[in-house]
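Trainee: Below is the structure, and that's it, no one-letter string:
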């Protein structure tokens, strides 16, 4: 569950985000696992920079479409951005960071509901907005998994593979449609994990059960 940051983002963000109130980590155990803040933008680290890059690319994309009508080079760039942004690369980012986003987001939500003035300055507005946005996007990703599940036969088509292939890349679409439940179970298992580590932190026995049973269900589904 520990986070691994390849950049010194604590120092970088500390120079920019200077208005956060001084609050302790959610628990000392979370602090040891590198979740030393109650704010998602501090806990995400390098992932936040990747997220901002994606937002900038989405802002640039309409400009490349406009310029691409008159410039072949811009048109090629527009096609490259289109393949990246709609939607496979974004899905991979959310899948890989789902657990970290969810843990950091839940911790930030706990701060939002417990602090006296959780929107008191622009740093708090920024971190709370990122929290709400990312949790909403993760919820949409889960909804997309449910949406794709009945479309077992259509997922073999090129138009689906190019847009959503990464969400079921580990699944053999030639098998029964029940194997397509894997993406759904992938996300649900991580949600249960977050509930266990955040809400049941003082109940290790229940945590163990919640860790084992979803894993067993996934193994049965894939088997």
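Mentor: Arrived safely. These numbers were taken from a predicted model, which means no experiment stands behind them.

Trainee: Give me the three-state assignment for the residue lying farthest from the centre of the chain.
Mentor: Distance from the centre of the chain peaks at residue 70, with 36.5 Å (C-alpha atoms, centre = their mean). Following DSSP: H, G, I helix; E, B strand; the rest coil, we place residue 70 in the coil state.

Trainee: Need the phi and psi values for it.
Mentor: With angles defined as degrees, to the nearest 10, residue 70 sits at phi -120, psi -10.

Trainee: how close does it sit to residue 61?
Mentor: Here residue 70 is placed at a distance of 16 Å from residue 61 (C-beta to C-beta, to the nearest Å). From N, CA and C alone the C-beta is placed, and that goes for glycine too.

Trainee: Apart from its chain neighbours, what residue comes closest to residue 67?
Mentor: Of all residues not flanking residue 67 in the chain, residue 74 sits nearest, at 4.1 Å (C-beta to C-beta, 6 or more residues apart in numbering).

Trainee: same check, this time on residue 42
Mentor: residue 13 (5.9 Å).

Trainee: I figured the one you found hits residue 44, correct?
Mentor: No - taking contacts as C-beta atoms under 8 Å, residue 13 lies outside contact range of residue 44: 9.5 Å.

Trainee: higher neighbour count, the two?
Mentor: Ranked by neighbour count (other C-beta atoms under 10 Å), residue 13 and residue 44 place residue 44 first, with 26 against 20.

Trainee: dump the residue contacts of the more buried one.
Mentor: Counting by C-beta atoms under 8 Å, 6 or more residues apart in numbering, residue 44 makes contact with 51, 97, 100-101, 104.

Trainee: go with 7 Å
Mentor: Neighbouring residues of residue 44 by C-beta atoms under 7 Å, 6 or more residues apart in numbering: 100, 104.

Trainee: quick one: low-confidence parts of the protein?
Mentor: 1-4, 152, 170, 172-177, 221-223 (pLDDT under 70).

Trainee: what does stretch 66-81 contact?
Mentor: The contact list for stretch 66-81 (C-beta under 7 Å, 6+ apart) reads 57, 61, 64-65.

Trainee: can you put those in JSON lines and add neighbour count and distance to residue 79?
Mentor: As requested, the contacts of stretch 66-81 are arranged in JSON lines below (neighbours: other C-beta atoms under 10 Å; distance: C-beta to C-beta, whole Å):
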{"residue": "57", "neighbour count": "15", "distance to residue 79": "14"}
{"residue": "61", "neighbour count": "17", "distance to residue 79": "11"}
{"residue": "64", "neighbour count": "20", "distance to residue 79": "9"}
{"residue": "65", "neighbour count": "16", "distance to residue 79": "10"}
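
Trainee: Can you say which two of those are spatially most distant?
Mentor: For the contacts of stretch 66-81, the farthest-apart pair by C-beta to C-beta is 57 and 65; their separation is 12.7 Å.

Trainee: other SSEs contacting whichever strand or helix holds the residue nearest to residue 42?
Mentor: Here residue 13 sits within helix 9-16, counting by DSSP states H and E. Contact partners of helix 9-16 among helices and strands, from 3 or more C-beta pairs under 7 Å, 6 or more residues apart in numbering; DSSP states H and E: none.

Trainee: what comes up buried for that helix?
Mentor: By 16 or more other C-beta atoms under 10 Å, the buried positions in helix 9-16 come out as 9, 13.
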